[in-house]
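J.: Model the structure of this input:
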Amino acid sequence: MAPTKQRHHTVVLVPATGFGHLNPALELARQLAHRAVEVTIIVFHEHLPVAQRRVLKSPGFDTARASIRLVPFPEPLRGDNPSQPIAALTQVIREEFKLDLDQAAVPAENGKVTKPSLLISDCFVKCQDTADELHIPRVVFWTAATLSESIFASVPLLISTGHIPVHTSPHKDEIVSVLPGMPVPLATTRLPLCFYGVDHDFSPFAIACFENSSRAQGFLANTVEEIEAEVVAVQRSQLQRYFPVGPLIPPEVLEDAVDHPVIHWLDGKPPLSVLYIAFGTESILPLHQFEKLVAGLESSKRAFVWSMRKVVPEAEDEFYDSVKRRLAGQGLVVDWAPQRAILDHPSIGGFFTHCGWNSTLEALCAGVPTLCWAFGAEQNMNSLLMTHKWGIGVEVGHGPDCDVNERGIAAAIEGLLAGEEGAAMRKRAMEMKGVVAAAMEPGGSSYESMNEFVRTFCPM
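T.: Purely as a prediction, here's the structure:
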């Protein structure tokens, strides 16, 4: 779908810090550009090179490139930063669009709006005041599962009922019955890991973000209605203008994927014989847990590709080099790998994941079953969906300090790649792939929801 030439609306898009927030924002911008909307993305300066590379070099942006503008922001828009520089953000937008305080969104003679007509911001960027000051509507962008959104929005209720913080809750062994639309029974001990409250209490920040978001005029959700039907229905009934438009996965830079040595290595492996392992960009594991993981992988004797980041903060480079040498005859350990291309490769039989939402969506899009070990944030909600709702995953661990062992990890790998349960999960994963693919096509739920969003906020 090529964008039309005449454009009447400019949207300012503000992602939060972190690639888990930036990547879906880039794809949102691409899809808006294909619908004749110009998009200015305010990008934290450390992420600017990655954003530029994707927009300028990825073939998927070819027809959208002229309609997307990247503007650096000097300060981090971090989700956990209590002194978030919203005043500075407002000033950046003013300077970029040369706005005076009371300038209205008046179309110029050529039909283009000289001021942004809409502000879309990540839920964790509390910038409703920016939208109010600029006299434009704001739409909240939620980049994770709607299940997680529903729970985050219910934090005040869960505090009042004693379910949060989890580590001091008197209801640990009980099912949480106060939350509507839960796809499976949810025990208190299975609430998002960020609300356990052991080292850090995330609750005040979550409350502040959702109070700020309550003044917004709409919600964009990076999910597919069919895969979260129950909780999407609840959110639609409670929130003004709710648009499930996922999966928002930006296209990879083509040469990174096709010419990567990992792809050539996979070409020589039998179908469904290789385990892909990746734990995201920010996961942290205790050393003893990491060592169990390595031992279990080694005991499985199964081929693998491991995109290994430094998940053990205290470990030196030599430690990671020794792990690479130890596993060299069994599989590949690399610093970075083109994840989407790997998951789509016919030799991949499973994905060992930290259950970040972007990785979860990529597994669904590829039809690949999963081994799930959630480490933090809301990742255990995604693990719950994969293991108990969709039936495409097996839980290996829950939290960084859970009880795992070498034998259990090896058995889980073997079961996924060679067992009957793994075959059944693979079949269900392929069925889910079809559901997600249909939602993205013209006439599908996500495609039409995006069209409805544009008609509502950016009418021609």
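J.: show me where the stretch 1-150 of the chain has strands.
T.: For the stretch 1-150 of the chain, applying DSSP state E, counting those that start in this stretch gives strands covering 9-14, 37-44, 68-73, 118-122, 138-142.
J.: just the stretch 301-450 of the chain next, same as before
T.: Going by DSSP E, counting those that start in this stretch, the stretch 301-450 of the chain shows strands at 304-307, 332-334, 348-353, 370-374, 393-398.
J.: Per-residue pLDDT of the closest residue to Lys433 other than its chain neighbours, please?
T.: Nearest non-adjacent residue to Lys433, counting by C-beta to C-beta, 6 or more residues apart in numbering: Gly367, 3.5 Å away. In this view, the C-beta of every residue, glycine as well, is placed from N, C-alpha and C. If you check Gly367, the pLDDT there is 98.
J.: now the one 10 residues further on
T.: pLDDT, Ala377: 93.
J.: How about His264?
T.: So, for His264, pLDDT stands at 93.
J.: got the phi/psi numbers for it?
T.: phi -60, psi -40 (degrees, to the nearest 10).
J.: Point out where this protein drops to low pLDDT.
T.: Per-residue confidence for the chain (pLDDT under 70) gives these ranges: 1-8, 74-86, 98-114, 198-199, 252-258.
J.: remind me, longest helix of it?
T.: helix 420-440 (DSSP state H).
J.: Hmm, the residue nearest to Lys433 is touching Ala429, no?
T.: Yes - between Gly367 and Ala429 there is a contact under C-beta atoms under 8 Å: 4.7 Å.
J.: In terms of neighbours, single out the busier of these two.
T.: For Gly367 versus Ala429, the count of surrounding residues by other C-beta atoms under 10 Å is larger for Ala429: 23 against 20.
J.: ok, now which ones touch that one?
T.: By C-beta atoms under 8 Å, 6 or more residues apart in numbering, the contact list for Ala429 reads 363-364, 367-369, 390, 392.
J.: separation between it and Ala366?
T.: The gap separating Ala429 from Ala366 is 8 Å, by C-beta to C-beta, to the nearest Å.
J.: And for Pro183?
T.: On the measure of C-beta to C-beta, Pro183 and Ala366 end up 22 Å apart.
J.: Now tell me what touches the helix or strand where Phe152 lies from outside.
T.: Per DSSP states H and E, Phe152 falls inside helix 146-153. By C-beta under 8 Å, 6+ apart, the surrounding residues in contact with helix 146-153 are 123, 142, 158, 179, 181-183, 191-192, 206, 209-210, 221, 223, 228, 231-232, 234-235, 244, 357, 378, 381-382, 384-385.
J.: Can you flag which of those residues belong to helices?
T.: Using DSSP H, those in helices are 158, 206, 209-210, 231-232, 234-235, 357, 381-382, 384.
J.: domain ranges for this structure?
T.: 9-146+204-250+439-457, 256-437 (automatic domain parsing).
J.: Glu174: which of the ones you listed is closest?
T.: Closest to Glu174 of these is domain 256-437 (C-beta to C-beta; 16.3 Å).
J.: got the angle for the strand or helix carrying Phe290 vs strand 393-398?
T.: Using DSSP H and E, Phe290 sits in helix 287-300. If you take axes from the mean of the first three to the mean of the last three C-alpha atoms, to 10 degrees, helix 287-300 sits at 140 degrees to strand 393-398.
J.: which helices and strands does helix 287-300 pack with?
T.: For helix 287-300, the packing partners by 3 or more C-beta pairs under 8 Å, 6 or more residues apart in numbering; DSSP states H and E come out as strand 274-278, helix 317-327, helix 406-418.
J.: how far is the helix holding Phe152 from where the chain is centred?
T.: 14 Å (C-alpha atoms, centre = their mean, to the nearest Å).
J.: Could you do stretch 139-158 as well?
T.: 13 Å.
J.: quick revisit: please identify which of the strands of the stretch 1-150 of the chain is closest to Ala424.
T.: Nearest of these to Ala424, taken as C-beta to C-beta: strand 138-142 at 31.6 Å.
J.: Please tell me how far that closest one is from the chain's geometric centre.
T.: 15 Å.
J.: swap in stretch 274-293?
T.: Counting by C-alpha atoms, centre = their mean, stretch 274-293 is centred 18 Å from the centre of its parent chain.
J.: got the buried residues for it?
T.: Residues of stretch 274-293 classed as buried by neighbour count (16 or more other C-beta atoms under 10 Å): 274-280, 283, 285, 289-290, 292-293.
J.: ditto for stretch 342-354
T.: For stretch 342-354, a neighbour-count test (16+ other C-beta under 10 Å) marks 342-345, 347-354 as buried.
J.: Using a markdown table, lay out those together with distance to Val55.
T.: Formatted as a markdown table, these follow (distance: C-beta to C-beta, whole Å):
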| residue | distance to Val55 |
| --- | --- |
| Ile342 | 23 |
| Leu343 | 23 |
| Asp344 | 22 |
| His345 | 26 |
| Ser347 | 31 |
| Ile348 | 28 |
| Gly349 | 33 |
| Gly350 | 32 |
| Phe351 | 27 |
| Phe352 | 31 |
| Thr353 | 27 |
| His354 | 27 |
